[in-house]
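*Asks:* The sequence and its predicted three-dimensional model are supplied below.
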Amino acid sequence: MTLQIYNTLTQKKEEFEPLDQDEVKLYSCGPTVYDYFHIGNARAFILPDILKRYLEYKGYNVLHVTNFTDVDDKMIKRANEEEIEIEELADRFITAYFEDTERLNIKQADVYPKATEHISDIIELVKKLEDKGYAYEVDGDVFFAVRKFADYGKLSNQELEELTSGSRVEVNDKKEDPLDFVLWKKSKEGEPSWESPWGTGRPGWHIECSAMSMCYLGEEFDFHTGGVDLVFPHHENEIAQNEAGVGSQVVNYWLHNGYINVDGEKMSKSLGNFFTTRDILQDYSAEVLRFFLISKHYRSPINFSDAELDNAAKSLQRLQNTVNKLKDLLDRDRADLKPGNKEELQELEKKIKAKREKFEEAMDDDLNTALAIGALHELAKELNIVVNDADFELNQANIIVLEKAYDTFKELSQQVLGINLETEDDISDNLTSDLIGLLLEVRNKARQNQDWELADQIRDELSELGIILEDTPQGTDWKLE
Ligand SMILES: Nc1ncnc2c1ncn2[C@@H]1O[C@H](COP(=O)(O)OP(=O)(O)OP(=O)(O)O)[C@@H](O)[C@H]1O
Ligand SMILES: [Zn+2]
């Protein structure tokens with residue numbers, strides 16, 4: 001079976017054909033590191049993770065690059081607000097990114113380039129575009145001349161005229177054409193800046209991804225991922241920069257995940273309707289959150305609500321119950337078991353194989369994790385029928401089949417979906433966070449009463465248990481050391 005993948009560029013599912021059988025190359029737009037990431041962002045980080053895991057399951061090696069946008073308007077604004085250096089802000093949220101992605105069981109990329117560490121590559125690409133006549137400078141700013149690139153609009157499937165009349169292009173007096181976008185920005189007073197042929201300045205956002213992806217993956221690579229909001233203008237502009245610079249197609253498959261919505265609106269920092277991964281992990285286990293995020297096909301929107309998270313928790317719990325039961329049976333002392341008969345669970349054995357195939361079919365069909373989870377539920381159901389039967393007796397022959405079922409669960413859920421089905425019920429996790437919440441309330445009361453000794457005692461003793469408190473203007477947060 002081969003992987004069929006929906007390519008935003010062609011707007012259809014295509015059979016995946018790697019450029020190089022030995023190494024699949026994947027670039028993902030990573031976070032702008034000015035804040036903790038929210039669960040919408042988390043969905044965008046899980047898409048390449050699932051793609052990578054499934055490619056690895058199919059036997060490919062994957063070279064994965066995810067960037068950190070560590071200089072842009074949002075970064076500058078936040079660093080100024082907090083009166084800290086921009087590097088400090090970036091370091092803080094890069095550390096938080098690694099903590100949160102680890103908890104969500106997102107595999108690390110092979111390279112995490114930062115825009116600020118690739119300024120010379122960026123300048124080189126801008127220069128190349130200028131030399132080839134695709135870019136022009138106006139008083140220290142450099143713009144990409146969109147009308148010079150004949151294929152502009154091919155990713156987002158838009159005609160230039162629609163774009164001009166729409167409100168989607170940024171107005172700027174310096175541009176020769178409203179469609180043009182910035183490649184290099186002249187720096188303002190007090191902003192981070194680098195020397196360049198156009199004076200001191202800093203890179204635009206779109207050019208950094210073009211420069212960094214090609215720097216690590218070459219001038220032709222397989223996959224590029226991001227949230228659907230990046231199709232236009234970010235990825236449309238990346239294509240223009242890449243192809244104008246190189247002279248041919250650079251990225252073969254463009255993948256975009258759908259939104260996490262809240263009450264029908266995109267969860268986003270600017271709307272303020274967001275929940276960080278950390279917020280959710282105060283009440284739900286990381287397993288449940290990840291399961292929730294992959295419970296729908298990656299291109300479908302997901303509506304966020306507690307009820308949906310609770311549904312995900314229940315669905316996961318059903319699978320965990322089956323796997324825990326299996327584990328109990330497999331842990332029995334085999335020497336005490338009767339030999340049994342090989343034929344007894346022949347039917348179940350066939351079903352295990354069939355459900356694995358169904359799982360693979362679902363994943364081959366544009367990474368349909370929703371259907372793949374469905375196949376795991378079907379397998380769980382078949383198993384429950386067998387092991388819950390009053391006449392079922394564990395023996396040396398049927399335990400081999402149960403072992404196969406267990407290995408299948410482990411491989412498909414843990415290795416491919418990144419979900420550990422052996423995790424205990426998250427009651428203990430919830431209880432822990434409730435108890436910490438209670439202690440924080442007591443500590444707040446103590447602080448209000450100026451009982452600093454008690455407040456410090458609570459902080460110090462929690463710290464000894466590996467729980468770190470962070471006092472912020474919005475209240476006190478906690479995290480595990
Ligand atoms: N609600 C969402 N659902 C799914 N993916 C999202 C959502 N919001 C952002 N993303 C994706 O998260 C990734 C990280 O983006 P980035 O750090 O630039 O986010 P951001 O622009 O700061 O977030 P926001 O959109 O909330 O302002 C991108 O691939 C983006 O498309
Ligand atoms: Zn990008």
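*Replies:* That came through fine. The structure displayed is predicted, hence computed values, not measured ones. Ligands and ions are numbered 1, 2, ... in the order given.

*Asks:* tell me the contacts of the residue nearest to residue 203 when sequence neighbours are not counted?
*Replies:* Distances taken as Cβ to Cβ, 6 or more residues apart in numbering place residue 122 nearest to residue 203, at 4.6 Å, with adjacent residues excluded. (C-beta placed from N, C-alpha, C; glycine too.) Shown in contact with residue 122 (Cβ atoms under 8 Å, 6 or more residues apart in numbering): 115, 184, 203, 207-208, 211.

*Asks:* Near ligand 2, which residues of this structure? Just list them.
*Replies:* 29, 209 (Cβ under 5 Å from the ion).

*Asks:* mind redoing it with 6 Å?
*Replies:* Taking Cβ under 6 Å from the ion as the contact definition, the chain meets ligand 2 at 29, 209, 234.

*Asks:* Pop out the phi and psi values for the closest residue to ligand 1 within the stretch 101-250 of the chain.
*Replies:* Going by Cβ to the nearest ligand atom, ligand 1 is nearest to residue 227 of the stretch 101-250 of the chain, at 2.0 Å. In terms of degrees, to the nearest 10, the main-chain angles of residue 227 are phi -70, psi 160.

*Asks:* tell me which of the contacts of residue 122 is nearest to ligand 2?
*Replies:* Taking Cβ to the ion as the measure, ligand 2 lies nearest residue 208 of the contacts of residue 122, at 7.2 Å.

*Asks:* which element is the closest one on?
*Replies:* Applying DSSP states H and E as the criterion places residue 208 in helix 205-217.

*Asks:* to the chain's geometric centre, what's the distance from that helix?
*Replies:* Here the centre of helix 205-217 is set off from its chain's centre by 19 Å, with Cα atoms, centre = their mean, to the nearest Å.

*Asks:* what are the C-alpha coordinates of that helix, in PDB please?
*Replies:* Taking Å, rounded to 0.1, in the frame of the first residue of the first chain, the C-alpha atoms of helix 205-217 are listed here in PDB:
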ATOM      1  CA  TRP A 205       9.100  36.500   8.000                       C
ATOM      2  CA  HIS A 206       8.500  34.700   4.600                       C
ATOM      3  CA  ILE A 207      12.100  34.800   3.500                       C
ATOM      4  CA  GLU A 208      13.400  33.200   6.600                       C
ATOM      5  CA  CYS A 209      11.500  29.900   5.900                       C
ATOM      6  CA  SER A 210      12.600  29.800   2.300                       C
ATOM      7  CA  ALA A 211      16.300  30.400   3.300                       C
ATOM      8  CA  MET A 212      16.300  28.000   6.200                       C
ATOM      9  CA  SER A 213      14.400  25.200   4.500                       C
ATOM     10  CA  MET A 214      16.700  25.200   1.500                       C
ATOM     11  CA  CYS A 215      19.800  25.600   3.700                       C
ATOM     12  CA  TYR A 216      19.100  22.200   5.400                       C
ATOM     13  CA  LEU A 217      17.000  20.300   2.800                       C
END
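
*Asks:* Show the average pLDDT along it.
*Replies:* Average pLDDT, helix 205-217: 98.

*Asks:* In terms of secondary structure, what does it contact?
*Replies:* Contact partners of helix 205-217 among helices and strands, from 3 or more Cβ pairs under 8 Å, 6 or more residues apart in numbering; DSSP states H and E: strand 24-28, strand 62-66, helix 119-131, strand 181-186, helix 236-246.

*Asks:* Return the angle between stretch directions for the second one and helix 205-217.
*Replies:* It stands for strand 62-66. 150 degrees (axes from the mean of the first three to the mean of the last three Cα atoms, to 10 degrees).

*Asks:* And the contacts of strand 62-66?
*Replies:* Residues from elsewhere that reach strand 62-66, judged by Cβ under 8 Å, 6+ apart: 23-30, 45, 48, 52, 55-56, 109-113, 212-213, 216-217.

*Asks:* from those, which are also near ligand 1?
*Replies:* Counting by Cβ under 6 Å from any ligand atom, residue 29 from the contacts of strand 62-66 sit close to ligand 1.

*Asks:* Filter the contacts of strand 62-66 down to the buried ones.
*Replies:* When those are checked for burial by 16 or more other Cβ atoms under 10 Å, the buried set is 24-30, 45, 48, 52, 55, 109, 112-113, 212-213, 216-217.

*Asks:* residues from this structure in reach of ligand 1?
*Replies:* Taking Cβ under 6 Å from any ligand atom as the contact definition, the chain meets ligand 1 at 29, 31-32, 40-41, 43-44, 226-227, 229-230, 257, 259-260, 266-270.

*Asks:* mind listing which of the residues you listed are in helices?
*Replies:* Among these, the ones falling in helices (DSSP state H) are 40-41, 43-44.

*Asks:* Now list the buried members of these.
*Replies:* Neighbour-count burial (16+ other Cβ under 10 Å) applied to these gives 40-41, 43-44.

*Asks:* Pick the one among those closest to ligand 2.
*Replies:* Nearest to ligand 2 among these, counting by Cβ to the ion, is residue 44 at 10.5 Å.

*Asks:* so the closest one makes contact with residue 257?
*Replies:* Yes: applying Cβ atoms under 8 Å, one finds residue 44 in contact with residue 257, separated by 5.4 Å.

*Asks:* Quick check: which ranges of the stretch 1-150 of the chain have low pLDDT?
*Replies:* Counting by pLDDT under 70, the stretch 1-150 of the chain shows no low-confidence range.

*Asks:* Indicate the residue of it located nearest to ligand 2.
*Replies:* Here the stretch 1-150 of the chain gets closest to ligand 2 at one residue, residue 29, 3.2 Å apart by Cβ to the ion.

*Asks:* wait, isn't that residue in contact with residue 208?
*Replies:* No: assessed by Cβ under 8 Å, residue 29 is found out of contact with residue 208, at 9.8 Å.

*Asks:* okay, and the common contacts of these two?
*Replies:* Listed as contacting both residue 29 and residue 208 by Cβ under 8 Å, 6+ apart are residue 67.

*Asks:* re the thing from before, among the residues of the chain next to ligand 1, the buried ones, what's the ChimeraX command?
*Replies:* Applying 16+ other Cβ under 10 Å to those leaves a buried subset, and the ChimeraX line that selects it is:
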select :29,31,32,40,41,43,44,226,227,230,257,259,260,266,267,268,269
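
*Asks:* The stretch 251-400 of the chain: strands as residue ranges?
*Replies:* Here the stretch 251-400 of the chain has its strands, by DSSP state E, counting those that start in this stretch, at 251-257, 260-262, 265-266, 302-303.
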